[in-house]
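# Predicted model and sequence below, questions to follow.
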Amino acid sequence: MAADPPIAGGADMVTLEGKVVLVTGAASGLGAALVETLLQAGARVAMLDRHPEALNQVREQLDAEGSHTLPLAVDLLDAQAVLPVMERVQAHFGGLDVLINNAGTDVTAPMEALSLADWERVIATNLSAPFLLSKLALPLLRDRQGQVVNIASTAALRAWPNATAYHASKWGLRGLSHAMHAEWRSSGMRVMCVIVGGMQTPFLLDRFEGLDLDRLQDPANVARAIAFALTLPVASAIPEMMVMPQMESSWP
């Protein structure tokens, strides 16, 4: 398959060539699409996911020699396993330029049937893990005036039934992202929340039957939008960006 054309921009655009990016949830869906797009742009990518076999499969497909990627088989629910992640990235790549908090999960059930364990798992994955990873990454990102991308959802803008924990986590992630933007920009760092509409990924396709694929977008399109936003000149910031299918049904 032919590579996509390079992401174009003016002379003052930030280049992704040689940049170090950490992507969570990298073994499938938008995460895998981000890894592919970033590698095509010349970045080096630390790939974090809790599924080691799938993670290695993506790595072999996109970086057969293994010279531009670092697989990190880590369960984000295990805080002790998360703590050394940035040290491993630092040791392997020498620093970090971009953190993309992409990993997410959901439990589709009415609130009365939602267990406390399921609630805590969704909040831990979708909100607490981005907080912890961002906090741990701060010293590395500050050194390079780096960027953070938090992947939210239209679920952070409106609500529908049977997704209580998911809505709470994504509204919280959106709030966390804007708070980080306000707090970190004085140090030259940029934080962006990406509101993503429905995608043709296992997150939806494996859970819901009969979805209209024409109303879902290719995750590669979202990945390219994020990669382009990361190249914005440093004098400007995008605190929030929405990337929707042309026929998005969940927003507005």
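Perfect, I can see it now. Numbers count the residues shown, from 1 in each chain.
# give me the low-pLDDT residue ranges for the stretch 1-150 of the chain?
Segments of the stretch 1-150 of the chain classed as low confidence (criterion: pLDDT under 70) are 1-11.
# Isn't Ile226 up against Val35?
No. Using CB atoms under 8 Å, Ile226 is not in contact with Val35; the gap is 11.8 Å. From N, CA and C alone the C-beta is placed, and that goes for glycine too.
# Strands of the protein, residue ranges please.
In chain order, the chain shows strands spanning 20-24, 44-49, 69-73, 98-101, 147-151, 190-196, 240-243, with DSSP state E as the criterion.
# Same list, the ones you listed, but as JSON lines with distance to Leu83 and mean neighbour count please.
Listed next are the strands of the chain as JSON lines, based on distance: least, CB to CB, whole Å; neighbours: other CB atoms under 10 Å:
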{"stretch": "strand 20-24", "distance to Leu83": "14", "mean neighbour count": "27"}
{"stretch": "strand 44-49", "distance to Leu83": "13", "mean neighbour count": "26"}
{"stretch": "strand 69-73", "distance to Leu83": "12", "mean neighbour count": "21"}
{"stretch": "strand 98-101", "distance to Leu83": "15", "mean neighbour count": "28"}
{"stretch": "strand 147-151", "distance to Leu83": "18", "mean neighbour count": "26"}
{"stretch": "strand 190-196", "distance to Leu83": "22", "mean neighbour count": "24"}
{"stretch": "strand 240-243", "distance to Leu83": "29", "mean neighbour count": "17"}
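# Kindly present those as CSV, with separate columns for distance to Gln90.
Output for those, formatted as CSV (distance: least, CB to CB, whole Å):
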stretch, distance to Gln90
strand 20-24, 9
strand 44-49, 10
strand 69-73, 11
strand 98-101, 13
strand 147-151, 17
strand 190-196, 20
strand 240-243, 28
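# Return the residues in contact with the residue lying closest to Leu141 once chain neighbours are set aside.
With CB to CB, 6 or more residues apart in numbering as the criterion, Leu141 has its nearest non-adjacent residue at 5.6 Å, and that residue is Met189. With CB atoms under 8 Å, 6 or more residues apart in numbering as the criterion, the residues that contact Met189 are Leu141, Arg142, Gln145, Gly146, Gln147, Val148.
# show me the contacts for the residue nearest to the spatial centre of the chain.
In the chain, the residue lying closest to the centroid (CA atoms, centre = their mean) is Asn102, at 2.4 Å. Under the criterion of CB under 8 Å, 6+ apart, the contact list for Asn102 reads Val23, Thr24, Gly25, Ala26, Leu30, Gly31, Leu34, Val149, Ile151.
# farthest-separated two in those?
Taking CB to CB as the measure, the contacts of Asn102 span a maximum distance of 13.2 Å, between Ala26 and Val149.
# My guess is Phe68 contacts Val45. True?
Quick fix: residue 68 reads His, not Phe. Yes. With contacts counted by CB under 8 Å, His68 reaches Val45, the gap being 6.7 Å.
# Now do the shared contacts for these two.
With CB under 8 Å, 6+ apart, His68 and Val45 have common neighbours Leu39.
# Could you list the residues in contact with stretch 176-188?
Counting by CB under 8 Å, 6+ apart, the neighbours of stretch 176-188 from elsewhere in the structure are 127, 130-131, 134, 138, 142, 145, 148, 150, 152, 190-193, 234, 237, 239-240.
# Check stretch 129-142 too.
For stretch 129-142, the surrounding residues in contact (CB under 8 Å, 6+ apart) are 22, 24, 76-77, 79, 82-83, 85-86, 89-90, 95-97, 99, 101, 103, 146-148, 150, 173, 176, 180, 184, 187-189.
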